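In: Have a look at this prediction, sequence included:
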Amino acid sequence: MLQSFGVHYDDIVQLDDLIEHAEFHKAQYGDNMIVFLSKHYGELKAQHQRDHQEEKNDHEKLPFNHSSSISSVADMVINPFGTELNQFEIIDFKVLNFHYQAPTSSLHTEGILQPPRIS
């Protein structure tokens, strides 16, 4: 579940650095936790990074600062060749591949096979 929120194992290990830096901000600037989170993760982040370059090494140690991105690619292929059929031609093949010959028997014509005469 933590992975789906973007929380990594490294973030959990670095929580003590977050608390230590928050205590530094409280002592140095008088920031409460809301202002601290806004300066490092919210709308005041860009201004804080610009104004306090000396804390850059401490900011790199803070958790939840990794960037991840999800990208999706959609491809579309346009066929430049015309596929219209100008003429439709039906080809009818008359080649027969079947040959039938009626069964004939010479024994029948010679009279060998006769039906029984007395029943």
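Out: Structure's in. What do you need?

In: so where's this protein shaky on pLDDT?
Out: The chain contains residues with pLDDT under 70 at 1-7, 66-72, 79-88, 93, 96, 102-115, 119.

In: now the helices for it?
Out: Taking DSSP state H, the helices of the chain run over residues 9-13, 15-29, 33-41, 45-51, 56-60, 106-110.

In: and the ones you listed, which is most packed in?
Out: helix 33-41 (a mean of 16; mean count of other Cβ atoms under 10 Å). Every residue, glycine included, has its C-beta placed from N, CA and C.

In: Now do that helix and helix 15-29, the angle between them.
Out: 110 degrees (axes from the mean of the first three to the mean of the last three Cα atoms, to 10 degrees).

In: follow-up on the earlier one: want to try CSV for the helices of the chain, with distance to Val95 as columns?
Out: Listed next are these as CSV, based on distance: least, Cβ to Cβ, whole Å:
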stretch, distance to Val95
helix 9-13, 74
helix 15-29, 83
helix 33-41, 80
helix 45-51, 81
helix 56-60, 81
helix 106-110, 33
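
In: so which of these comes closest to Pro116?
Out: Checking these against Pro116 by Cβ to Cβ gives helix 106-110 as the closest, at 15.6 Å.

In: one step back: Ile78: which of the helices of the chain is closest?
Out: Closest among the helices of the chain, using Cβ to Cβ: helix 45-51, at 41.7 Å.

In: What lies in contact with the closest one?
Out: Ser38, Lys39, His40, Lys56, His59 (Cβ atoms under 8 Å, 6 or more residues apart in numbering).

In: which non-adjacent residue is nearest the third one?
Out: What sits nearest to His40 in space, not counting adjacent residues and going by Cβ to Cβ, 6 or more residues apart in numbering, is Leu62, at 6.1 Å.

In: That neighbour - how many residues pack around it?
Out: 18 (other Cβ atoms under 10 Å).

In: Check whether it really touches Asp16, as I assumed.
Out: No. Under the criterion of Cβ atoms under 8 Å, Leu62 makes no contact with Asp16, lying 10.8 Å away.

In: Quickly note the distance from the residue nearest to Lys56 when sequence neighbours are not counted to Leu62.
Out: Leaving aside its sequence neighbours, Lys56 sits nearest to Gln49 (Cβ to Cβ, 6+ apart; 7.5 Å). According to Cβ to Cβ, to the nearest Å, Gln49 and Leu62 sit 12 Å apart.
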